[in-house]
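Enquirer: Would you be able to build a 3D model of this:
(chains A, B and C)
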Amino acid sequence: MTEKTIKIIKDFDIAQIADSGQCFRLNKREDGSYSLIARERYLEIVQQEEEITFFCEENEFREIWDSYFDLTTDYGAFKAQIESKDLYMQNACAYGRGIRILRQELWEMVITFIISQQNNIPRIKKCVESLCRAYGEKRTNFRNETYYTFPKPEALAGLGEEDLCSCSLGYRNKYIRKTADMVVSGGFDLYRLYDLNYEDARRELLKLCGVGIKVAECICLFALHHIDAFPIDTHIQKVLDRHYPEGFPFSKYQGFAGILQQYAFYYDVEGY
DNA sequence: GACCAGGGCCGGC
DNA sequence: GCCGGCCCTGGT
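Expert: Sure, this is the predicted structure:
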């Protein structure tokens, strides 16, 4: 086996996070634990109520996963700011109380959310996995099982028309090639985005091929951790139409609306 | 088999 | 700013 790091964490539910539509390589295993491939690593997680076991050394947990799972943020403080009269959000938050916004890798989120457009979650996972299998690096985990890292920009740049076809990406195929080419050629400085504020980062992201408003918002929220980013997809649009006919109270939730968006998304997809 | 929808975007007008 | 078209898959 491998080292374990055990923590007591409030407002954390690995199952809810896995199903919240923000990450696509966090999956339930047959024994009820969860496996995650991120940062070129393989991690397993077991949850028993508030006790979370991370199958890694304390060092690795402190340097990588503590931040990745946003564990030092007090989500109770956000929840306390939900207006008591905002019944829909009260319910959504109670339903998805263990959701946190992960700090995922920028390049991976760019490509993953290009793939996500006009697509559903199970198929997004399939597309991402086949992309990793075809262009990622092959690794072995502590169980001696094979896994694949997310492909680097260089691995996806300079591909021909037909190269990505095995991944069933459809018309997104072209977007991914063009975006990879822009990044690798130096025409787009991905890592400068970390220095920009939310609005500026979003405007820059729109320059990428296949990235519109919604995808840019997702990248801002899930990679750059601008928690005021508020992606509006078909589900959230439906929620807004049905439950906020007078408009969503953005002014009340300034600075963290993206977290509430995630409660609402999960509640709409998984709840009622 | 037809039709629709899925964490939308592009290009032409 | 609006709108048709778009790859592919799974569900009805």
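Enquirer: Look up how far A:Gly96 lies from A:Val269.
Expert: 10 Å (CB to CB, to the nearest Å). No exception for glycine: its C-beta is placed from N, CA and C like everyone else's.
Enquirer: Those two: who's more crowded?
Expert: Between A:Val269 and A:Gly96, counted using other CB atoms under 10 Å, the more crowded position is A:Gly96 (22 against 14).
Enquirer: can you tell me which residues contact the more buried one?
Expert: With contact set as CB atoms under 8 Å, 6 or more residues apart in numbering, A:Gly96 has these partners: A:13, A:16, A:20, A:262-263, A:266-267, A:270-271.
Enquirer: Could you do A:Gln104 as well?
Expert: Contacts here follow CB under 8 Å, 6+ apart; on that basis A:Gln104 touches A:22-23, A:38, A:68, A:222-223.
Enquirer: Can you lay out those residues as a markdown table showing pLDDT and neighbour count?
Expert: Shown next, in a markdown table, are the contacts of A:Gln104 (pLDDT from 0 to 100; neighbours: other CB atoms under 10 Å):
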| residue | pLDDT | neighbour count |
| --- | --- | --- |
| A:Gln22 | 98 | 23 |
| A:Cys23 | 98 | 22 |
| A:Ala38 | 98 | 20 |
| A:Tyr68 | 98 | 20 |
| A:Phe222 | 98 | 26 |
| A:Ala223 | 98 | 24 |
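Enquirer: Mind checking which of those residues land in helices?
Expert: Judged by DSSP state H, the contacts of A:Gln104 include A:68, A:222 as members of helices.
Enquirer: Most proximal residue of the stretch 101-250 of chain A with respect to DNA strand C?
Expert: Taking CB to the nearest atom of the strand as the measure, the point where the stretch 101-250 of chain A comes nearest DNA strand C is A:Gly170, at 1.6 Å.
Enquirer: So what's the residue count around that residue?
Expert: The tally of other residues near A:Gly170 (other CB under 10 Å) stands at 15.
Enquirer: Name the secondary structure element that contains it.
Expert: Assigned by DSSP states H and E, A:Gly170 belongs to neither a helix nor a strand.
Enquirer: Wait, A:Thr50 touches A:Asp11, no?
Expert: For residue A:50 the amino acid is Glu, not Thr. No: assessed by CB atoms under 8 Å, A:Glu50 is found out of contact with A:Asp11, at 9.3 Å.
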